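Undergrad: Just a sequence and a predicted model for now, questions to come.
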Amino acid sequence: MRSRVKRQKEEREERRKSCDCDVDVFGEWRPEALPPHQIIYFFAGNFNFSTSIMSRPEDILPPDLFYNDNESRKYTKSSRIRNIQASMTDRALELLDLKSPSLILDLGCGSGLSGEMLSEVSPEEGGPHMWIGMDISPSMLDVALQREVDGDLFLADIGQGVPFRPGSFDAAISISAIQWLCNAETSDVTAEGRLKRFFEGLYASLRRGGRAVCQFYPKNDTQRSMISGAAIKAGFGAGILEDDPGTKSSKLYLVLTVGGGGLPGDITGVVNGMDDVSVLDARRKAAEINNARGPPRKGDKAWIMNKKEQMAKKGKVVKSNSKFTGRKRRIAF
């Protein structure tokens, strides 16, 4: 009995040593031509399948804790992640369609992988661009400083807003970041509130006619609708473009524009003729309803709500709405 147990133990040790595999920062396991029994044994003996492979990073820890010094270095050094990041940044630049050097805001800039590409755009393609990056992880920004990236870096939580003067930027990009806003880490905040502050701040910081492209990984259709709905409520024209739909490599891009539908930079012009595009333009639907009802009269509730919304977008202090907003006062006795 003892010899059989000893022999089984030796066989397990040999299998462990012969198991040539790799685990990246997201817990994605890449076997190198292993037979099925070794794959099953590896999961059972050395790996927590439920927490490391199936879990999303945003479900494990807040971003400033998840991307510690070790994870930040692994993320930046991973050739696979760098290639994916490069392809998504290229796609975002294609959707931005910038014709001349511009000032770009990189939201969730991390270690500056996307920012590097912005600085390296050739003059023939409208570059090079200047950029400013925001990220909540000190470790990620520290790696970016060590790599001596060209952009200026800010340690900030985009869920608390975008703290720049109105009209500061020509464009903005965000790669694999805004899905983190769907998680509220404390009871003091909500996902809806974080998304609202983010998109309202982003809307104010972009010049009129500016664009933003946010690549993100929603967990489900609810998160997808919550993110796009928050962008529309902030005043953006919004469209969602999906690359490689129905596959594991599917990627969503939220394309946003600032300004009216008559501008050449409107989202309906950006994605015109593209496949697998869902255009979410609340302005057109609202215009149709208003045309049917006629313009709101001065002093009506709709007129008051519209004025308050305009003042809030300009950064002015506006009293919160209540059930009495727009209600006529009783005639004085």
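TA: In hand now; what should we look at?
Undergrad: Now do the buried residues in stretch 179-198.
TA: Gln179, Trp180, Leu181, Cys182, Asn183, Ala191, Arg194, Leu195, Lys196, Arg197, Phe198 (16 or more other C-beta atoms under 10 Å). All C-beta spots, glycine's among them, are computed from the backbone N, C-alpha and C.
Undergrad: mean confidence score for stretch 320-333?
TA: Mean pLDDT, computed over stretch 320-333, is 78.
Undergrad: Please tell me how far that stretch is from the chain's geometric centre.
TA: 40 Å (C-alpha atoms, centre = their mean, to the nearest Å).
Undergrad: hmm, who's touching it?
TA: Stretch 320-333 has contacts (C-beta atoms under 8 Å, 6 or more residues apart in numbering) with Asp300, Lys301, Ala302, Ile304, Met305, Lys308.
Undergrad: Looking at the residues you listed, which is nearest Asn220?
TA: Closest approach to Asn220 among the contacts of stretch 320-333 (C-beta to C-beta): Met305, at 31.4 Å.
Undergrad: The closest one: what's it in contact with?
TA: By C-beta under 8 Å, 6+ apart, the neighbours of Met305 are Asn321, Thr325, Gly326.
Undergrad: again, only using 10 Å
TA: By C-beta atoms under 10 Å, 6 or more residues apart in numbering, the residues touching Met305 are Pro296, Asn321, Thr325, Gly326.
Undergrad: Which pLDDT value belongs to it?
TA: Confidence at Met305, expressed as pLDDT, is 86.
Undergrad: what do you get for Leu61?
TA: At Leu61, pLDDT is 78.
Undergrad: my guess is it contacts Asn68, does it?
TA: Yes. In this structure, Leu61 is within contact of Asn68 by C-beta atoms under 10 Å, at 9.0 Å.
Undergrad: partner strands of the longest strand along the chain, parallel or antiparallel?
TA: If you go by DSSP state E, the chain has its longest strand at strand 206-216. Here strand 206-216 is paired, per DSSP bridges, with strand 169-175 (parallel), strand 251-257 (antiparallel).
Undergrad: Make TSV from the ones you listed and add mean neighbour count to it.
TA: Below are the strands paired with strand 206-216 laid out as TSV (neighbours: other C-beta atoms under 10 Å):
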stretch	mean neighbour count
strand 169-175	25
strand 251-257	23
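Undergrad: Would you map the helices across this protein?
TA: For the chain, applying DSSP state H gives helices covering 2-18, 36-46, 49-52, 57-60, 63-66, 69-77, 79-96, 113-119, 138-146, 191-205, 221-233, 267-270, 282-293, 301-313.
Undergrad: what's the domain layout of the chain?
TA: Under the assignment automatic domain parsing, the domains of the chain span 14-55, 69-280.
Undergrad: Deepest-packed of those, please.
TA: Comparing the domains of the chain by mean neighbour count (mean count of other C-beta atoms under 10 Å), domain 69-280 comes out on top with a mean of 18.
Undergrad: Give me the below-cutoff pLDDT ranges for this structure.
TA: Applying pLDDT under 70 to the chain flags the ranges 1-9, 11-54, 260-295, 333.
Undergrad: Spatially central residue for it, please.
TA: Nearest to the mean C-alpha position of the chain, by C-alpha atoms, centre = their mean, lies Ile178 at 2.8 Å.
Undergrad: That one is in contact with Gly159, isn't it?
TA: Yes. Here Ile178 lies in contact with Gly159, judged by C-beta under 10 Å, at a distance of 9.3 Å.
Undergrad: if I look at those two, which residues touch both of them?
TA: By C-beta under 10 Å, 6+ apart, the residues touching both Ile178 and Gly159 are Arg194, Leu195, Phe198.
Undergrad: can I get those residues in JSON lines with distance to Lys248?
TA: As requested, those are arranged in JSON lines below (distance: C-beta to C-beta, whole Å):
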{"residue": "Arg194", "distance to Lys248": "28"}
{"residue": "Leu195", "distance to Lys248": "26"}
{"residue": "Phe198", "distance to Lys248": "28"}
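Undergrad: just curious, which of these is nearest to Glu125?
TA: Nearest to Glu125, judged by C-beta to C-beta, of the shared contacts of Ile178 and Gly159 is Phe198 at 28.8 Å.
Undergrad: Throw the buried residues of stretch 179-198 into JSON lines and include distance to Glu120, thanks.
TA: Compiled in JSON lines, the buried residues of stretch 179-198 are given as follows (distance: C-beta to C-beta, whole Å):
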{"residue": "Gln179", "distance to Glu120": "27"}
{"residue": "Trp180", "distance to Glu120": "27"}
{"residue": "Leu181", "distance to Glu120": "29"}
{"residue": "Cys182", "distance to Glu120": "32"}
{"residue": "Asn183", "distance to Glu120": "33"}
{"residue": "Ala191", "distance to Glu120": "35"}
{"residue": "Arg194", "distance to Glu120": "32"}
{"residue": "Leu195", "distance to Glu120": "31"}
{"residue": "Lys196", "distance to Glu120": "34"}
{"residue": "Arg197", "distance to Glu120": "32"}
{"residue": "Phe198", "distance to Glu120": "28"}
